[in-house]
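Novice: Return atomic coordinates for the entry below.
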Amino acid sequence: MADTAIFDVDGTLVDTNYQHALSWYRSFRRFDIVLPIWRIHRAIGMGGDQLVPTLAGDEVERAHGEALRAAWTEEFEHLIDEVRPFDGAHDLLRAVKDRGFSVVLASSGKSDHVERFLDLVDARDIADAWTSSDDVTNSKPAPDLVQTALKRSPGSSGIMIGDSPWDAVAAGEADIATVAVRTGGFSVDELRDAGAIAVFDSLRDLIDGLDGTPLARVGA
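Specialist: As a prediction, the model looks like this:
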């Protein structure tokens with residue numbers, strides 16, 4: 001009976017996952033840590049505080065975690081001009097809003113990146129609220145970001161729209177269902193195994209299929 005649509009941003013509304021993966025690869029290389037990019041991609045959607053120990057271990061996190069995250073920021077800045085919204089991003093937000101939902105963008109990205117992406121998808125007049133990494137202590141797959149997004153909504157119950165298994169895990173930890181899209185490069189099985197109740201290949205497919213999801217209307 002959701003009344004709030006909580007949208008992930010990176011990988012869901014804007015096409016950033018592979019830029020993120022390459023930025024992390026280059027960041028690790030600065031410290032002579034060479035990781036296969038496919039492994040890095042599988043962790044995209046986690047916050048940086050979770051990603052470093054997951055991929056490289058707790059010892060690397062203790063020794064270089066903050067420096068790695070700073071290096072990632074520098075590397076991503078070189079690629080951010082390449083980021084574009086996915087086809088249908090604005091139309092999806094508008095369609096969900098027009099069905100009566102509050103719309104909150106739940107990003108764990110840096111606040112300046114979030115501001116930039118809001119403009120890319122022309123979301124400022126649609127979104128009721130949004131988040132950034134500044135708003136939580138623990139990033140995905142912890143539920144903090146999803147819980148914070150819901151608290152900022154004028155509504156009281158939510159449904160998550162995301163692209164990664166970590167979106168679904170975080171939402172599940174907050175007792176919120178997830179509708180997933182494959183825009184982040186994850187498979188149907190990966191997304192369903194993480195808890196997604198429905199998976200769509202694209203944002204346009206989701207728009208066409210809204211009536212078959214809890215996003216059909218408020219209270220559905």
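
Novice: what's the top helix by length along the chain packed up against?
Specialist: When every helix of the chain is counted residue by residue (DSSP state H), the longest turns out to be helix 58-79. Judged by 3 or more CB pairs under 8 Å, 6 or more residues apart in numbering; DSSP states H and E, helix 58-79 is in contact with helix 17-30, helix 48-56. C-beta coordinates here come from the backbone N, C-alpha and C atoms, glycine included.

Novice: and the shortest one, what does it pack onto?
Specialist: Applying 3+ CB pairs under 8 Å, 6+ apart, one finds that helix 48-56 contacts helix 17-30, helix 37-43, helix 58-79.

Novice: change it to 6 Å
Specialist: Judged by 3 or more CB pairs under 6 Å, 6 or more residues apart in numbering; DSSP states H and E, the packing partners of helix 48-56 are helix 37-43, helix 58-79.

Novice: Quick one: closest of the ones you listed to Ala171.
Specialist: helix 37-43 (17.6 Å; CB to CB).

Novice: Would you mind pulling the contact partners of stretch 57-73?
Specialist: Taking contacts as CB atoms under 6 Å, 6 or more residues apart in numbering, the residues outside stretch 57-73 that touch it are Ser23, Trp24, Ser27, Arg30, Phe31, Gly48, Val52, Pro53.

Novice: now do 10 Å
Specialist: By CB atoms under 10 Å, 6 or more residues apart in numbering, the surrounding residues in contact with stretch 57-73 are 20, 23-31, 33, 47-56, 110, 112-113, 133.
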